[in-house]
Structure formats: C-alpha cells, structure tokens
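# coordinates only, sequence not included:
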C-alpha cells in the first residue's frame, strides 16, 4: 500500500498573527526586571497580565495596579520605583505632561516609562520621547504588542544571540518522536547547512547515541549534575560532533544510579546550548514533570508526534490543549501523525483524528518498517538509506518549515528601517491546502477545550 506524505496545512496562513510580530529582539527573553503597570481600563490591565504569563517574561516580576498616572505618583512617593513602569493615560494633553513632571520627582532616574494612550499621533510620540518617556503604545493593545514594546527597551544587539529551540515530544511511547527529531536535526545540519545541536533529554532510555552510532563517555548528565560548571568550553567537550554542522548531546541511557538533578539545572544548560547554536532540537522523553513542562513551554516550537490510535489521540489532545492555553502568544504546537497505513491494523482515519483534536495534523507519515528498521539497526539516518522515500520527504518538509519560519520572521524584521515604530502601532501596529485549515487552527487556539 503506497501512501503519500500529506502536508495538511499552510503554516504562514495559520500563524500569520504571530509572524507579523516576530522580530530578532523577541528571540531573547527579557532580563530579570520588575515591571509595574498602572491602568485605567480593564482592557490594558488584562493585556499586561496576559503578557506577564508569556515565556519571554519568565524572569520578570509583573504587578498591575489601577488608577493611571496619578496613582503611580502617589504609590512611588512612598515606595521605590521598579525597572519599568507602564502608565495608562486617558488624557494625552497638557495635563499628562504636568503629571509626568510630577512623576519625575518621585521616580529613580534609571526607571524606564511606557505610556499607553488612545491617541495615534506621531507628534505626540515625538514629544513624549523628548520628555524622557521610553515608549508609547496606542490602546487598545494586545499582549504581544506590549511584549514587543518591552523587548525593544532591553534588547542588546551586542549580546550573544540565542538559538531557536524545537521540542519534539511523543503523545505516548513508541510513536517515533525521537526518530523524527534526530532525522530533522540531521537534515537541518547536513542539507540546510544549519549549525544544529540535538539534545537527548531521556536520561534513562535515550536513543540519540544509538541512532548516530556514537558511544561518548560524557553526556548531558555531566552537565545537568554540575550546572554551575557548564560554560562554552565545557560544553564543547561534552558535545559530540558528527558531520560539519551537527553536534550531539547524548543521554547516558543507563539505570545503574538515581539521578538527582539540581533545581534550575535543565534551564541553565539549555541556555548555554542556545548561546552556541542557532538551532537546538530537543528530544523530549514521554514524561510529565515540572522540568519537562517548563522545557516545552519555553520552546520556540513544539512538535507533537502521534500514531492513529485512541490512546495516542487522547494524549495528543491533552498536550495540544495545555500548550495552546499556556502559550497564547506563540504558534500552536505542530501535530504529526506517524506510522499510518500499517497492514491489517485498525486505525483512526486522519479526518476523524483532526476532528477530535480540533486541528488538522500538519504532516501524515506513512509506515515504512523496512526503512526505519534498517536505519535504526545500522546507526544511520533515513536519508542515508533511501533519500527518495516518502518518509524522508516528510523529514525535509518539517525541517524546512521549522527553519524557514525563522528566516521569514527575520527577513520581515529587516525589510524596513522604521521597525522601531512597530510598538507605536501605526496602522496595524498530500491534500491541497484549504483556507478552512487556518481557521480551524485559530479556532483551536481560541477554544482549546473543544471536544471532538
């Protein structure tokens, strides 16, 4: 039975709201700062609270007060000022400037101030900047616009850029998530010439070393058990280079000891890895713990791999709904249905799978036991066995979608020399692809709990 690889959705269409705002300074999280917002309308207060839950603000401490500029003056006359103050103003005339002069008397000189107001006027913007205001955003505004405004204030172009992270997770064990992650990383590095690190986070049972026929003496466990020692030099010794652009961070895959990982070790090690490669593929184990949840929530992309059976569908839906709800300002996870068309095995049709999940899987990969078995037993990647196979076509499509999205975002960010005005919000601050696919995806983001 021959089954074609089916890319079922159009990525740019379904994520156009996210792509529109994606710029290079949003690749880096905000530093550990304190933000206080003084709002007049519930709409801005809600937007600030939603922004506070975004992964880019994970290091910040955000508090919301009601009352606008006058409330801020009263508050800071008795309390120290934070790193960043957000002030909503309903009157942007002379009264606002008098209030700002009064605010300056009780604010520390280093405090950054963002004004949010209803008037979209470039002359007002220039005058506010001249008076020392850091940024102005037009209300009503969205959480991603606020995040972008904050990010512009703290973006350091001289800082080491952080690589993008792609977290691959299986809806259950044995669905092929690890094989998919390893092959996508290989394709990124070998065919697209992207400097890539693939991390195997399945400490006890990871297969990265087996799949690449490597048996290193040092593994990711050496970094996780001593995170304070992890720097660029140590990382270089721990990573195993295979080919010109691919490096492996393998797991020990042994059960001879209990692993006591210090708090925050996973996040610290990942941050160091991101400073050393533009693309980081994370092979996640099928576990649900505090660190694994944080890893996925912080990833730039999440790829959920499932097989066409009931347990896999249930788990995929649970993962999808949790990630969509917790990451409202990021693209929804990509869903891949793997191992379809197994002879004489009852399967849930892809159409019913999509209806139950409330989103169409982006890729459907046919089962090819001979190809996958030969690659696994010989420590080779699928393209090295048969570059023309349908499964390899899927690997290529997924890799190009992940890397292509990053490049599209960066190109869009460079197309105008006036991108700094985005925060001011001028103006608007295989089956064939169907328009309904994008609507279905956006509907899933809006109502993640819908049952099929």
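Nice, I can see it. Source: prediction; values computed, not measured.

# hey, let's count contacts and neighbours off CA atoms from now on
Noted.

# For the chain, which residues score under the pLDDT cut-off?
Under the criterion pLDDT under 70, the flagged ranges of the chain are 1-27, 405-452.

# need the strands for it, in chain order.
Along the chain, the segments classed as strands by DSSP state E run 6-7, 34-39, 61-66, 84-88, 112-117, 135-138, 164-170, 196-200, 240-242, 246-249, 279-283, 301-306, 334-340, 363-366.

# Throw these into a markdown table and include distance to residue 149, thanks.
Formatted as a markdown table, the strands of the chain follow (distance: least, Cα to Cα, whole Å):
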| stretch | distance to residue 149 |
| --- | --- |
| strand 6-7 | 35 |
| strand 34-39 | 13 |
| strand 61-66 | 15 |
| strand 84-88 | 11 |
| strand 112-117 | 8 |
| strand 135-138 | 7 |
| strand 164-170 | 21 |
| strand 196-200 | 30 |
| strand 240-242 | 39 |
| strand 246-249 | 35 |
| strand 279-283 | 26 |
| strand 301-306 | 22 |
| strand 334-340 | 28 |
| strand 363-366 | 35 |
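
# Between those strands, which one is closest to residue 382.
Nearest to residue 382, of all the strands of the chain, is strand 363-366, at 13.0 Å by Cα to Cα.

# Quick check: which helices or strands does the closest one pack against?
strand 6-7, strand 334-340, helix 390-414 (3 or more Cα pairs under 8 Å, 6 or more residues apart in numbering; DSSP states H and E).

# The same query, at a cut-off of 10 Å, please.
Packing contacts for strand 363-366, counted by 3 or more Cα pairs under 10 Å, 6 or more residues apart in numbering; DSSP states H and E, involve strand 6-7, strand 301-306, strand 334-340, helix 390-414.

# May I see the buried residues of stretch 163-179?
Buried residues in stretch 163-179, counting neighbours by 16 or more other Cα atoms under 10 Å, are found at 163-172, 175-179.

# what's the answer for stretch 116-136, then?
116-117, 120, 125, 128, 133-136.

# What is the neighbour count of residue 253?
19 (other Cα atoms under 10 Å).

# pretty sure it contacts residue 206?
Yes. Between residue 253 and residue 206 there is a contact under Cα atoms under 10 Å: 5.3 Å.

# Spell out which residues are contacts of both of those two.
Residues touching both residue 253 and residue 206 (Cα atoms under 10 Å, 6 or more residues apart in numbering): residue 200.

# Let me see the domain layout of the protein.
In the assignment given by automatic domain parsing, the structural domains of the chain cover 6-14+160-415+431-446, 29-154.

# residue closest to the middle of this structure?
residue 300 (1.9 Å; Cα atoms, centre = their mean).

# Against residue 81, how distant is that one?
Counting by Cα to Cα, to the nearest Å, the gap from residue 300 to residue 81 is 32 Å.

# Next: residue 93.
25 Å.

# okay, these two: which has more neighbours?
Using other Cα under 10 Å as the criterion, residue 93 and residue 81 rank with residue 81 on top: 21 against 10.
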